[in-house]
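Trainee: Test case, fold it:
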Amino acid sequence: MSEHKHSIVIVGGGTAGISVAARLAKSAPKPDIAIIEPSEKHHYQPLWTLVGGGVFDREVTERDEADLIPDDVTWIREKAKTFEPEKNQVTLANGDVVKYDQLIVAAGIQLNWDKVKGLKDALGKDGVTSNYDYNTVSKTWDFIRTFPGGNAVFTFPATPIKCAGAPQKIMYLAEEAFRRQGVREKSNVIYATATAGMFGIPRYKKVLDGIVADRGIEPKFNQNLIEIRPGSKEAVFADVAGGDELVLNYQMIHVTPPQSAPGFIVESPLAGDGGWVAVDKHTMQHDKYENVFSLGDCSSLPCSKTGAAIRKQAPILVENVLAFRKGQTLTGKYDGYASCPLVTGYGRVVLAEFGYDGKIMETFPMSQAKERFSMYALKAHMLPDLYWHGMLKGRM
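Mentor: Residues are numbered from 1 along each chain as shown. Below is the predicted model:
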């Protein structure tokens, strides 16, 4: 076992961690920064919807983590295991201890495949797929393009998830693909969701309700997937509103797995309600440990868990961390902004943008509550470049 010491330690080298590190590395005087991240690869996950829809190959979403770590930032290639905020230290899976002056927790979200009985063994085979994993996202397109007809089921779990629009985005692409392939008339497209409606923001819910009705998609609300029976091709749902259990036959099923804060956070002193890192929703400073900050999917911030939210959170968190280091008042305030480019077909996107309490925060001088090709072009072609060359470089 060895001990390391850095001024600022960031746990997590995903979207949030790299974005924050890049901004901190540009500050003067530049602090001694370390990132704790075990992964060798980094993925632009927002594009996985279009990979699953056959638009892109999955390889375009992947980069080497080593190419993204900012210059002069120490990369600790290990898993964080425990937090000891009273001692200002993190213990790694290999037993090493990393001490810090300030800690930033950006560890993402945990996918709990084993919370659905039978899912792990069935995934990637016989029509069972998910865009939420790099190893299975290409299978989604394989199953869509070879779909012979029958029930195509798309699920949304009874937990918070990253990109709450993603479970229905792939459904719209699949429905259009079935029409192009001549099998739509013998297909049933079913959206089985644990939520009570298509979307939580009324302005965009109205648009999506209309799309679902126009395209003959069958929504089944308050339905939480609890089991996959691959032998009989059955999906079992519990009614979160207290109704009877629902069993659906499927020819294809796209599963969004239950999700949670990472286990090592849930079990730590940093966890608050639900296991998320407990922070102030505006300053992103921890409720108890003032030298600890958190952003992104693992935080308790009551906003959508999207990369667009992180893009707004990162500069504000960095502003506050630097102010804290100088003994100044934290003046940076995050307003809950999040964006969800809702892909509703090939060449069509409804760009939802909103903040805390559902406040509409649209960017463009036109109504975004409708399908537009321009927003699809933004989603498919502009945002990936802005991500790799702007956001992860601390430029936006």
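Trainee: And for residue 67, the neighbour number?
Mentor: The number of residues packed around residue 67, counting by other CB atoms under 10 Å, is 9. Every C-beta, even on glycine, is put in place using the N, C-alpha and C of the backbone.
Trainee: ugh, wrong one, residue 172
Mentor: Number of residues near residue 172 (other CB under 10 Å) recorded here: 26.
Trainee: Next, count neighbours for residue 55.
Mentor: Other residues near residue 55 number 16, with proximity taken as other CB under 10 Å.
Trainee: That one and residue 375, how far apart?
Mentor: As for residue 55, its distance to residue 375 is 15 Å (criterion: CB to CB, to the nearest Å).
Trainee: what's near enough to touch the residue nearest to residue 284 when sequence neighbours are not counted?
Mentor: Ranked by CB to CB, 6 or more residues apart in numbering and with sequence neighbours excluded, the top spatial neighbour of residue 284 is residue 317, at 4.7 Å. Residues counted as contacts of residue 317 (CB atoms under 8 Å, 6 or more residues apart in numbering) are 20, 104, 284, 293, 295, 332, 334.
Trainee: State the distance from residue 174 to residue 153.
Mentor: 10 Å.
Trainee: hey, what's in contact with both of these two?
Mentor: By CB under 8 Å, 6+ apart, the residues touching both residue 174 and residue 153 are 252, 254.
Trainee: Do a quick rundown of the strands in the stretch 151-300 of the chain.
Mentor: For the stretch 151-300 of the chain, the strands defined by DSSP state E, counting those that start in this stretch cover 187-193, 218-220, 223-229, 234-239, 246-249, 252-254, 259-260, 292-294.
Trainee: Need the pLDDT of the residue nearest the centre of the chain.
Mentor: The chain has residue 162 as the residue nearest its centroid, 2.7 Å off, counting by CA atoms, centre = their mean. We have a pLDDT of 95 for residue 162.
Trainee: Could you give the bridge partners of it?
Mentor: Counting by DSSP bridges, residue 162 is bridged to residue 305.
Trainee: Could you do residue 191 as well?
Mentor: Going by DSSP bridges, residue 191 is paired in beta bridges with residue 154, residue 219.
Trainee: on that earlier part again, let me have the strands of the stretch 151-300 of the chain in TSV, extended by mean neighbour count and distance to residue 277.
Mentor: Converted to TSV, the strands of the stretch 151-300 of the chain look like this (neighbours: other CB atoms under 10 Å; distance: least, CB to CB, whole Å):
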stretch	mean neighbour count	distance to residue 277
strand 187-193	22	27
strand 218-220	16	33
strand 223-229	21	25
strand 234-239	19	29
strand 246-249	16	35
strand 252-254	27	30
strand 259-260	19	12
strand 292-294	26	4
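Trainee: Any idea which of those strands gets closest to residue 354?
Mentor: Nearest to residue 354 among these is strand 187-193 (19.2 Å), distances taken as CB to CB.
Trainee: That closest one - contacts with which helices or strands?
Mentor: Applying 3 or more CB pairs under 8 Å, 6 or more residues apart in numbering; DSSP states H and E, we find strand 187-193 packed against strand 150-156, helix 166-180, strand 218-220, strand 223-229, strand 246-249.
Trainee: Swap in 10 Å and give it another go.
Mentor: Judged by 3 or more CB pairs under 10 Å, 6 or more residues apart in numbering; DSSP states H and E, strand 187-193 is in contact with strand 150-156, helix 166-180, helix 202-214, strand 218-220, strand 223-229, strand 234-239, strand 246-249, strand 252-254.
Trainee: distance of residue 206 from residue 352?
Mentor: 12 Å.
Trainee: who touches both of those two?
Mentor: Taking CB atoms under 10 Å, 6 or more residues apart in numbering as the criterion, residue 206 and residue 352 both touch 199, 369.
Trainee: Looking at these two, which has the bigger crowd around it?
Mentor: Taking neighbours as other CB under 10 Å, residue 206 and residue 352 compare with residue 352 leading, 29 against 12.
Trainee: wait, isn't that one in contact with residue 363?
Mentor: No. Between residue 352 and residue 363 there is no contact under CB atoms under 10 Å: 11.1 Å.
Trainee: who's in contact with residue 353?
Mentor: By CB under 10 Å, 6+ apart, the residues touching residue 353 are 201, 203-204, 308, 337-341, 359-364, 368.
Trainee: Sorry, slip of the keys, the one I care about is residue 19.
Mentor: Residue 19 touches 106, 295-296, 307, 310-311, 313-315, 317-318, 387, 390-396, counting by CB under 10 Å, 6+ apart.
Trainee: Fine by me, thanks again.
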